[in-house]
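Q: This is a predicted model, with the sequence first.
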Amino acid sequence: MKKKLVLISLTISIFVLSGCQDLSMWFKGFEESFKGLEMTIQTYDEESQLIDSIIGKSIMIERDSTFDSKLESKDSSVIQITIGEKEMHHVGSSMIIAEKGLENVFDEYAKTVDIQNMQRGVPIINSLVNDFRNSFTGKQKVILIRSQNGTPLATYAGDNVSLYKTDVPKSTGLLVDGQYLFIYRCDYTIYDLDLIM
């Protein structure tokens with residue numbers, strides 16, 4: 001009987017964790033560190049004009065700690081990107097790094113967003129529910145990305161979107177339907193899809 005309970009508990013735990021976005025993000029980081037991710041790296045100027053585009057099969061993104069001002073501060077905005085056996089460093093201009101499989105749907109959502117929502121809610125409960133969903137299932141969201149001066153740049157959308165901090169200042173990591181999206185030095189707004197439909 002005891003073995004059955006352990007087996008049932010283990011099965012339930014695996015089932016619950018298999019849908020967990022936080023666990024998926026952890027595995028994505030593990031894959032990035034040991035195998036690399038197939039990604040496209042694109043940098044943009046202030047007018048959202050493409051400066052360069054690099055496609056790689058084995059990419060890892062990290063903060064270059066060499067440029068930290070103090071040993072304990074972790075304040076370097078310099079990104080060190082490993083592409084196969086080669087590397088590049090970047091700082092300053094807007095950058096989007098998207099894993100293979102993510103599609104820029106900019107034209108589909110290239111409009112000014114004007115939202116009115118008169119629905120009532122309990123903000124503290126809504127915040128808790130949204131945080132829970134970010135960690136476990138993600139939500140249907142649209143990510144509108146702009147250059148640092150506000151010029152529209154790119155748009156991504158997904159059914160299961162979760163946001164994560166990175167160790168690089170001025171950057172955000174997102175898990176979009178199981179694919180990694182890294183946004184650096186960009187303005188962005190992330191909407192629940194229901195708000196703009």
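A: Yep, it's here.

Q: Low-confidence ranges, the protein, go.
A: 1-19, 27, 30, 71-72, 107, 109-122, 126-127, 129-134, 136, 197 (pLDDT under 70).

Q: okay, which residue is most central for it?
A: L174 (1.5 Å; Cα atoms, centre = their mean).

Q: Tell me the bridge partners for that one.
A: L163, L181 (DSSP bridges).

Q: quick one: contacts for it?
A: 143, 156, 161-164, 180-183, 190 (Cβ atoms under 8 Å, 6 or more residues apart in numbering). C-beta: built from backbone N, CA, C; applies to glycine.

Q: Then D187?
A: Here D187 is in contact with 145-148, 150 (criterion: Cβ under 8 Å, 6+ apart).

Q: distance of the residue nearest to E108 when sequence neighbours are not counted from E103?
A: Spatial nearest neighbour of E108, excluding adjacent residues (Cβ to Cβ, 6 or more residues apart in numbering): T155 at 7.1 Å. Going from T155 to E103 by Cβ to Cβ, to the nearest Å gives 10 Å.

Q: what do you get for N149?
A: Applying Cβ to Cβ to N149 and E103 gives a distance of 25 Å.

Q: same check, this time on S48
A: Counting by Cβ to Cβ - S48 and E103 are separated by 18 Å.

Q: Between those two, which has more neighbouring residues?
A: S48 (19 against 13; other Cβ atoms under 10 Å).

Q: Do I have it right that the more buried one meets P152?
A: Yes - using Cβ atoms under 8 Å, S48 is in contact with P152, at 6.4 Å.

Q: in the sheet, who's paired with R146?
A: P152, D187.

Q: Just confirm it contacts I183, I think it does.
A: No - contact between R146 and I183 fails when scored by Cβ under 8 Å: they sit 10.4 Å apart.

Q: ok, those two, which is more surrounded?
A: Neighbours per residue (other Cβ under 10 Å) separate R146 from I183, with I183 holding more: 25 against 18.

Q: helix or strand for the more buried one, which one?
A: strand 179-184 (DSSP states H and E).

Q: Now the residue nearest to E103 when sequence neighbours are not counted. Its backbone dihedrals?
A: Closest residue in space to E103, ignoring its immediate chain neighbours: Y156 at 7.4 Å, by Cβ to Cβ, 6+ apart. With angles defined as degrees, to the nearest 10, Y156 sits at phi -130, psi 150.

Q: Would you check how far apart Y156 and K170 are?
A: 19 Å.

Q: cool, and K100?
A: 25 Å.

Q: Next: S162.
A: 20 Å.

Q: go on, T40?
A: Where K170 is concerned, T40 sits at a distance of 20 Å (Cβ to Cβ).
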